[in-house]
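**Q** Based on what follows, work out the 3D shape:
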Amino acid sequence: MHLNYHFLRFLCPALEKEFKGGIITSCFSQSKDELILEISNQDDIRYVQAHLLPPDIYLSFPVQFQRAKRNSIDLFSELLGDRIEGVKVMDFERAFYFLLESGKKLVFKLHGNRSNVLLYHEKVGPPQLLFRNEISEDKDLSFEDLFNPLDISWERFKSIEGNASQFLPTLGPEPRRWLKEKGYPELSLEEKWKWMLEVLDLLDSPLFCLVEEQDQVKLTLLPTENPLKTFADPIEAVNELFYLALVRGNFNKDKNRILKNLQEQIKRTENYLQKSREKLSELAGSPPPSQLADVIMANLHQFFSGQTEAELDNFYTGEKVWVKLKPNQKPQDLAESLYRKSKNRQLEIDQIEKTLAAKEKQLEELTQKWDELESIEEFKGLKSYKKELNKSEQSNPKNTGFPFKIFEFEGYTIWVGKSAKDNDEMLRGYIHKDDLWLHARQAAGSHVIIRTKGMPKIPNPVLERAAGLAAYYSKLKNESLAPVIYTEAKFVRKVKGSPAGAVMVDKEKVLMVAPKGPDADVAKGN
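**A** Numbers count the residues shown, from 1 in each chain. Below is the predicted model of the structure:
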């Protein structure tokens, strides 16, 4: 209700007492939506600070204000040296004005998103100057049009059948809600009048409470339980509101934004650790493929005479195992493939363990940052924290402006080019010839790289997840299934003079996958 006519009725006499006789010595702005007046009255200096950035419209009247040395502009030069004769509220309007000795009037129109400050030289006609020139309707707004005299008699109330909004448009949402809680819409006309007089009586009481509703601090003239603070001085009330709602509110928004970002990083890291530990447990708990290879090699005689399948005794477990060869496949070839898988499995286990150790350290650091931020209660501390956080992020090698996004999946690192130009830079300066390169087939999109880390074969789940990213970061993003080509990076080359991102590809294979962007199973590194 700090913009409400019923509050301005109390605020303006207090401002008149404070500022009458004062001379405007400076008028400036440090942002496009904030106007500051400096007013000198003998040896006393006070300020008027109007913050008009929608939806945060607030007024403050501080005794001190530090003007910035840069990014500050002088405004309303016609006001300088003029003396304030009074501060008046406009009849039943969310507006008030400073009446100056020269006859000029500086109007503060507090109409929510259409709030503005207007300078009038005359009582009739449009304003000479506007603070927010983009509000075109204010250019033709007459000073007299800002007055809205209302008849609030019983006769008029009766003639409009007790319609509260029509009877008193200045009520605002809080008093209307208060009336609704009393059952106002269903009452008889006489009972409505009784409650209307009751709410008007409450609005005439010079007691101003600050309350918190839905994480917002508000001012109210109505009785309330557990107010944050209560004031008898309207200037003190509006100054404290400015601090809690705007200054403190911005601090909390900034702090909560960083907390939310940290929380998301912590959650992603915890999810990644959980899935990686499950994968590691699964790999460690299952017998290595080399055991089956040993069984096959010990039973080669079972595949004589072109036999393609056989039931063999697994001397590791004492159980029977059924082995079936592919067409034209020799049992020795199958055993060799299984030995290779066993070797790759150990490499995969080593890689997952290495990544787990790094992620556990990262989680510890993120949790420490969270605890430090939680304990900060002032802007100065938050500013220092943000400065250190920026230094930390800049020193992280994963945040040094690489031309690709970095993801991790099951111990493998996956790179996704950020743009066509970055695709070329990634291909030219970062990848190894044995890395696996992926791209949406016959569609514009990011180049995707799986870092092979010396492993001769990429596990199918990793290949499919990277292919899903390649489809997601392409024009095929909205397809249910998308073709993705892949090959070793040594078979991808840039043709001189070709457009950014365009390449020639040899020996590619095609994989059909559903486009899938980053989620909990893919840990983001950049």
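**Q** Wait, a helix at Ala68?
**A** No. Checked against DSSP: H, G, I helix; E, B strand; the rest coil, Ala68 lies outside a helix; its state is coil.
**Q** The residue nearest to it when sequence neighbours are not counted: what's it in contact with?
**A** Leaving out its chain neighbours, the residue that sits closest to Ala68 by CB to CB, 6 or more residues apart in numbering is Gln30, at 5.2 Å. Using the backbone N, CA and C atoms, a C-beta is placed for each residue, glycine as well. Contacts for Gln30 were tallied using CB atoms under 8 Å, 6 or more residues apart in numbering; they are 36, 67-68, 71-72.
**Q** Out of these, who's the most crowded?
**A** In terms of neighbours by other CB atoms under 10 Å, the contacts of Gln30 top out with Ile36 at 20 neighbours.
**Q** Not including adjacent chain positions, what is the nearest residue to Gln302?
**A** Ala310 (4.1 Å).
**Q** these two touch, right, that neighbour and Leu334?
**A** No. Look at Ala310 against Leu334 with CB atoms under 8 Å: they stay out of range, at 11.4 Å.
**Q** Now do the same for the residue nearest to Ala68: its pLDDT.
**A** According to the predicted model, the pLDDT of Gln30 comes to 89.
**Q** can you tell me the helix or strand for Ile24?
**A** In the assignment (DSSP states H and E), Ile24 maps to strand 23-31.
**Q** Centre of the chain to that strand, how far?
**A** How far strand 23-31 lies from its chain's middle: 33 Å, per CA atoms, centre = their mean, to the nearest Å.
**Q** Now do the buried residues in the helix or strand just after it.
**A** On the C-terminal side of strand 23-31, the nearest following helix or strand under DSSP H and E is strand 34-41. Residues 35-39 are the ones in strand 34-41 that count as buried (16 or more other CB atoms under 10 Å).
**Q** Report the angle between strand 34-41 and strand 23-31.
**A** Angle, strand 34-41 to strand 23-31, by axes from the mean of the first three to the mean of the last three CA atoms, to 10 degrees: 160 degrees.
**Q** Can you list the strands that strand 34-41 pairs with?
**A** Within its sheet, and counting by DSSP bridges, strand 34-41 is paired with strand 23-31 (antiparallel), strand 44-53 (antiparallel).
**Q** mind listing what's buried in the first one?
**A** The neighbour-count check on strand 23-31 (16+ other CB under 10 Å) flags 23-24, 26-29 as buried.
**Q** would you turn those into a markdown table with distance to Cys209?
**A** Shown next, in a markdown table, are these (distance: CB to CB, whole Å):
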| residue | distance to Cys209 |
| --- | --- |
| Ile23 | 35 |
| Ile24 | 32 |
| Ser26 | 34 |
| Cys27 | 32 |
| Phe28 | 33 |
| Ser29 | 31 |
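**Q** wait, which of the residues you listed is closest to Arg83?
**A** Using CB to CB, Ile23 comes nearest to Arg83 of the buried residues of strand 23-31, at 5.3 Å.
**Q** Break down the stretch 1-150 of the chain into its strands, ranges please.
**A** Ranges of strands in the stretch 1-150 of the chain, per DSSP state E, counting those that start in this stretch, are 23-31, 34-41, 44-53, 56-60, 73-74, 84-89, 95-100, 105-109, 116-120, 129-130.
**Q** Run the angle between the first one and strand 116-120 for me.
**A** Just to be clear, that refers to strand 23-31. Angle of strand 23-31 versus strand 116-120, following the same axes, to 10 degrees, is 140 degrees.
**Q** Over to the longest one?
**A** Here strand 44-53 runs at 120 degrees with respect to strand 116-120, directions being taken by the same axes, to 10 degrees.
**Q** how close does Glu38 sit to Gly22?
**A** According to CB to CB, to the nearest Å, Glu38 and Gly22 sit 10 Å apart.
**Q** what ranges do the helices span in this structure?
**A** Assigned helices in the chain, in chain order: 5-19, 154-159, 164-167, 173-181, 189-203, 234-241, 248-285, 289-298, 331-374, 379-395, 420-429, 460-472 (criterion: DSSP state H).
**Q** Could you tell me the least trusted of the ones you listed?
**A** helix 379-395 (a mean of 75).
**Q** Check which helices and strands it sits against.
**A** Other helices and strands packing on helix 379-395, by 3 or more CB pairs under 8 Å, 6 or more residues apart in numbering; DSSP states H and E, are helix 248-285, helix 331-374.
**Q** And the residue sitting furthest away from the middle of the chain, how close does it get to Ile296?
**A** Largest separation from the mean C-alpha position in the chain: Ser305, at 68.9 Å (CA atoms, centre = their mean). Here the criterion is CB to CB. By it, Ser305 lies 17 Å from Ile296.
**Q** so who does the residue nearest to the spatial centre of the chain touch?
**A** Centroid-nearest residue in the chain, with CA atoms, centre = their mean: Arg257, separated by 6.6 Å. Arg257 sits next to no residue when contact means CB under 8 Å, 6+ apart.
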